[in-house]
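*Asks:* Please find the sequence and the predicted model below.
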Amino acid sequence: MTESSAQDLRFPPDPEFAARANATPELAAWAEADRPAFWAEQARHLLTWSTDFTETLDWSGAPVARWFADGTLNACYNAVDRHVDAGHGERAALLFEGEPGDRRTYTYAQVLGEVSRAANALTALGVRTGDRVAIYLPMIPEAVFAMLACARIGAVHSVVFGGFSAEALRSRIEDAEAVAVITADGGNRRGSTAALKPAVDEALEDGGASVRHVLVVRRTGQDVAWTDGRDVWWHEALEAAEESHVPVPVGAEHPLFILYTSGTTGKPKGILHTTGGYLTQTAFTHLNVFDLKAGTDVYWCTADVGWVTGHSYVVYGPMLNGATQVIYEGTPDTPHKGRWWEVVERYGVTILYTAPTAIRTCMKWGEQVPAEHDLGSLRVLGSVGEPINPEAWTWYRRVIGGDRTPVVDTWWQTETGAIMISPLPGVTTAKPGSAQTPLPGIAAEVVDEEAHPVEDGQSGYLVVTEPWPSMLRGIWGDHQRFVDTYWSRFPEIYFAGDGAKKDDDGDIWLLGRVDDVMNVSGHRLSTAEIESSLVAHPMVAEAAVVGASDVTTGQAVVAFVILRAEHAQDAEGTDVAATLRAHVTRQIGPIAKPRTILVVSELPKTRSGKIMRRLLRDVAEDRQIGDVTTLADSSVMELIASGLERPR
Ligand code: 6R9
């Protein structure tokens, strides 16, 4: 059998796995009968409440939902203290592996000590319930402690990915008016150290006026500049703090975190999540989609805490369920391409959750790399971030999963907070490349332009038709943008921005985004944000950015730029592409750096002046150019195509 027919393969659940699976076929029927009652039951069963709730769902303020609103609870208590109270204090919570090979284990009791000290330290620095705290850290245990310590005092964390620039950090600090920043001297990446503190200093130099303190974790030991009175070493603050701390119960709708994500306009959106509903759905999905058995499984999600996957499936979901998990600081190929598999073997990882781009990279490196390690401990594999092509899916199951493990392709978004569409291991007969079924309690559909469900075999827009517990509660400081972005394409229905197809069995296959958001290595980047960065460079007059498909990263950033006439001459001698790539790296971060920059003399535009990215995508992907009839000037594409002998 060739892997080109991979999408036609079927993998029914193994009966032995099914007999012991957390998920059962009955779950769906139960949820279908009364969705809110199903979630209320999950909320009470999976979480410990300080005060029980009397009302499950209030949708009267749609599209802002209120779930379990009169209940109170604390997220950190639920993720940490109650496991210690239940006698599991000695269970390993975090198995940390640094990129240079340093290792640390924290039991739940030790995590409790760390988060309690950190909560006291934040309080001593004047951070109060409801204040926002920016977190800019590498993938180290302190990132988890920092998030949980915020939750413990009811402060709202805003994690900014450590790979983002000073400018990106500044705009996020300012939008949320953060009162403190938690960072590190640096982190380890690709065999060397990458500084973080200088970016914080730069961000606060002439901005971020709301920030009173910067807590600095010592990770690499590199020199850092110091602002007396503002900067505080994390280890000193924690040493000085008491080890006991009483978590602050907050209302279920109290904000838990803000996480910024790219939109179709340049300004990132601060996606707001609250406490009770978010925790309910992350715990439920983590338990059932990954079949987590606390106390025996060793779980590893390779995502950074800077992305939503790191929030829901490194910090909250697993810790709410009392999981033992691996945290790895570095890149998969440092110091060698077998590093991940070495980690799986060393810790006996049983559940692995990663992204298609990583799987495709491993495919490129070859089967002999994982074959050098014993991966026999693995029993569930997960995928997230972009559509996984059937070939990568079957490779993942065969080479990593030993032709044995279920693979769950999980569809969700920063906005949805938790997994929405996924097969259930032990229940679903898996189809490579399809996310398949909405989870119990979730009402997702594929609809046409008029919001009617499409027939099986047809494609359309993926929507969610009923409120769900972990749904976003808004965009920080911009209610109108929340309504416009998600609730205006189809009134009263959440439109996710993705296209999807229903197959003949009604199973869902994701087709990618229908807007101008790119997905590079599972990270969302907005075309508009990169365009505005390019145009900010003195050499550039106009820019258009498209995502071109790329075998490794899913999509790659391709930029078309028109140079300013006055710079065209200077440009002759300089490396335009290198200059602009460095510029975008500085302004947004390395992840946004265009793979290809093409200098052109015109851009294809509609009469209303909207750039036709579809045509540029044709060029970027080296395809026959599509329909040009809506162009203001249809000769533009010929001009572009003819000027491209010299891509730089
Ligand atoms: C969790 C996360 C969300 C966008 C989403 C979609 C794409 C995520 C996917 C998937 C196909 C999957 N996406 N999971 N597409 N199959 N299993 O990635 O959140 O960073 O907000 O991105 O990612 O396009 O709309 P986020």
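*Replies:* Received it, and whenever you're ready, just let me know what you need. Numbering: from 1, shown residues only.

*Asks:* per the record, what domains does the chain have?
*Replies:* 15-500, 521-645 (the TED database).

*Asks:* Could you identify which of these is most buried?
*Replies:* Ranked by mean neighbour count, the domains of the chain are led by domain 15-500 with a mean of 20 (mean count of other CB atoms under 10 Å). In this view, the C-beta of every residue, glycine as well, is placed from N, C-alpha and C.

*Asks:* ok, now which ones touch the residue nearest to Ala241 when sequence neighbours are not counted?
*Replies:* Nearest non-adjacent residue to Ala241, counting by CB to CB, 6 or more residues apart in numbering: Asn120, 3.8 Å away. The neighbourhood of Asn120, defined by CB atoms under 8 Å, 6 or more residues apart in numbering, consists of Ala241, Glu242, His245.

*Asks:* mind redoing it with 10 Å?
*Replies:* Going by CB atoms under 10 Å, 6 or more residues apart in numbering, Asn120 touches Ala149, Arg152, Ile153, Ala237, Leu238, Ala240, Ala241, Glu242, Glu243, Ser244, His245.

*Asks:* Checking it next. Helix, strand or coil?
*Replies:* Secondary structure assignment for Asn120 (DSSP: H, G, I helix; E, B strand; the rest coil): helix.

*Asks:* So whichever residue of the stretch 1-150 of the chain sits closest to the ligand versus Pro390, what's the distance?
*Replies:* The nearest approach of the stretch 1-150 of the chain to the ligand comes at Gln7, 13.9 Å away (CB to the nearest ligand atom). Distance, Gln7 to Pro390, by CB to CB, to the nearest Å: 4 Å.

*Asks:* Name all residues that sit in contact with those two at the same time.
*Replies:* What both Gln7 and Pro390 touch, as defined by CB under 10 Å, 6+ apart, is the set Lys431, Pro432, Gly433, Ser434, Trp509.

*Asks:* So, low pLDDT: which residues of the protein?
*Replies:* Low-confidence segments of the chain (pLDDT under 70): 1-4, 263-266, 568-573, 606-610, 629-630, 632, 643-648.

*Asks:* Show me which residues of it are close to the ligand?
*Replies:* 261, 307-309, 384-387, 409-414, 435, 496-498, 510, 513, 519, 522, 524 (CB under 6 Å from any ligand atom).

*Asks:* What about those residues, which are in strands?
*Replies:* Thr261, Asp409, Ala496, Gly497, Asp498, Leu510, Arg513, Asn519, Arg524 (DSSP state E).

*Asks:* just the contacts of Asn120 now: which is nearest the ligand?
*Replies:* Among the contacts of Asn120, and counting by CB to the nearest ligand atom, the member closest to the ligand is Ala149, at 24.4 Å.

*Asks:* leaving aside the residues next to it on the chain, what's closest to that closest one?
*Replies:* Counting by CB to CB, 6+ apart, Ala118 is the residue found nearest to Ala149 once chain neighbours are left out, at 3.5 Å.

*Asks:* ok now do that neighbour, which residues does it touch?
*Replies:* Ala118 sits next to 76, 142, 145-150, 152-153, 182, 215, 234, 237-238, 241, 245 when contact means CB under 10 Å, 6+ apart.

*Asks:* Try it again at 7 Å.
*Replies:* The contact partners of Ala118, by CB atoms under 7 Å, 6 or more residues apart in numbering, come to Phe145, Ala146, Ala149, Leu238.

*Asks:* Now the residues you listed in a markdown table, please, with extra columns for secondary structure.
*Replies:* Formatted as a markdown table, the contacts of Ala118 follow (three-state DSSP):
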| residue | secondary structure |
| --- | --- |
| Phe145 | helix |
| Ala146 | helix |
| Ala149 | helix |
| Leu238 | helix |
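
*Asks:* how about the residues you listed, which pair is most distant?
*Replies:* Across these, the longest distance by CB to CB is 10.9 Å; it joins Ala146 and Leu238.

*Asks:* Does Val384 touch Val407 like I think?
*Replies:* No: under the criterion of CB atoms under 7 Å, Val384 makes no contact with Val407, lying 11.6 Å away.

*Asks:* Can you pull the residues that touch both of those two?
*Replies:* When CB under 7 Å, 6+ apart defines a contact, no residue borders Val384 and Val407 alike.

*Asks:* Let's verify the residue lying closest to Pro13 once chain neighbours are set aside: helix, strand, or coil?
*Replies:* Leaving aside its chain neighbours, Pro13 sits nearest to Gly426 (5.0 Å; criterion: CB to CB, 6+ apart). Using three-state DSSP, the structure places Gly426 in coil.
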